[in-house]
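*Asks:* model the structure of this input:
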Amino acid sequence: MRQLSLCVSLLLSSITFAQKGIDGMVQTERNFAAYALTNGTKDAFIKFADSTGMVFEKGQAINARTFWRAKEKRPGVLNWRPRFAEIAASGDFGYTTGPWTFQPQTQADSIVATGHFFTVWHLTNNGEWQFLLDMGTSKAPIDSTSSLQKIQVADKKASSDNDSTLLKVEAAFISAYKKGPKQAYKTFLSHQSILNREQMEYATLAADQEVLIASFTQPVTLMPISAGIASSGDLGYVYGEAIYDGKKQNYLRIWRHEQKGWRIALELIQH
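*Replies:* Numbering: from 1, shown residues only. Now for the predicted structure:
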């Protein structure tokens, strides 16, 4: 009996350990999407959201479980898959992003809406991946890319910084942005980064990023709300309000700590 108990304990430990790391995080994103197909979007978001997880609606940050529990179940198929993923050195904090599509009734229907999703994940004390943030864009070109890119940066470096430090870095970027967006991104953007806006493809190459940065005809007003950082100090997020042309939406910025300090790894600005 003691041997059986030991075997069960070792098996459970191996399962928990297997969940830690980028493969466990990515698989959870896929499980999330699969659960939505079989059980509905509402139940899926309630199941996979952390108790402190946030979603974003018309410029407002709202507790994910509260938001989805208040919604009615409606027909429709929301489908998505991860295309990019990155994880902190601690193996228990990271993000995924990829394309989503929506069909009004069944998977046999024509796609009527598209976009990109951005999810920040963490591994709970119970060994379960749950999302901390879920934000997205709409009207993106249909993305047929099926491969997954696991982002690994050679000069990523751990730090002892905390949430308040990350907010100071965010404030420094916003200050630089007000003086000149082009120079601000030149200073703070990582050499390996992803930028995205409404109705646009991902911009991962320098030339495409320059076009995207210049796509706003006037500066965006950015007001950070909250931040979070991995225990390993090499990856973190800031989210907040984004006001463009009088319309309030939200933004998400993933920061990566590199040899030269904090740099933007990913950015989404809704507008």
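*Asks:* what residues of the helix or strand harbouring R253 count as buried?
*Replies:* Element membership of R253, judged by DSSP states H and E, is strand 247-258. Going by neighbour count (16 or more other CB atoms under 10 Å), the buried part of strand 247-258 is 249-258. C-beta here means a position set from N, CA and C on the backbone, and glycine is covered the same way.
*Asks:* from what I see, A33 and W80 are in contact.
*Replies:* Yes - using CB atoms under 8 Å, A33 is in contact with W80, at 5.0 Å.
*Asks:* of those two, who's got more company?
*Replies:* W80 (23 against 19; other CB atoms under 10 Å).
*Asks:* what bridges to that one?
*Replies:* Counting by DSSP bridges, W80 forms beta bridges with W100.
*Asks:* endpoint to endpoint, stretch 201-220 covers what distance?
*Replies:* End-to-end distance of stretch 201-220 (CA to CA, to the nearest Å): 19 Å.
*Asks:* buried residues in that stretch?
*Replies:* For stretch 201-220, by 16+ other CB under 10 Å, it's 202-204, 209, 212-213, 220.
*Asks:* how about stretch 223-242?
*Replies:* Taking 16+ other CB under 10 Å as the criterion, stretch 223-242 shows 224, 227-230, 232-242 as buried.
*Asks:* so where do the helices sit in the stretch 1-150 of the chain?
*Replies:* With DSSP state H, counting those that start in this stretch as the criterion, the stretch 1-150 of the chain has helices at 2-19, 22-39, 41-48, 64-69.
*Asks:* follow-up on the earlier one: pick out the most distant pair among the buried residues of stretch 201-220.
*Replies:* T204 and V220 (20.6 Å; CB to CB).
*Asks:* how close does A184 sit to E267?
*Replies:* Applying CB to CB, to the nearest Å, the value for A184 to E267 is 11 Å.
*Asks:* still on that earlier bit, going by mean pLDDT, which of the helices of the stretch 1-150 of the chain comes out lowest?
*Replies:* Ranked by mean pLDDT, the helices of the stretch 1-150 of the chain bottom out at helix 2-19, with a mean of 40.
*Asks:* and the pLDDT for the nearest residue to N63 once chain neighbours are set aside?
*Replies:* Residue nearest to N63 in three dimensions, not counting chain neighbours: M54, with 6.5 Å by CB to CB, 6 or more residues apart in numbering. Note for M54: predicted pLDDT of 98.
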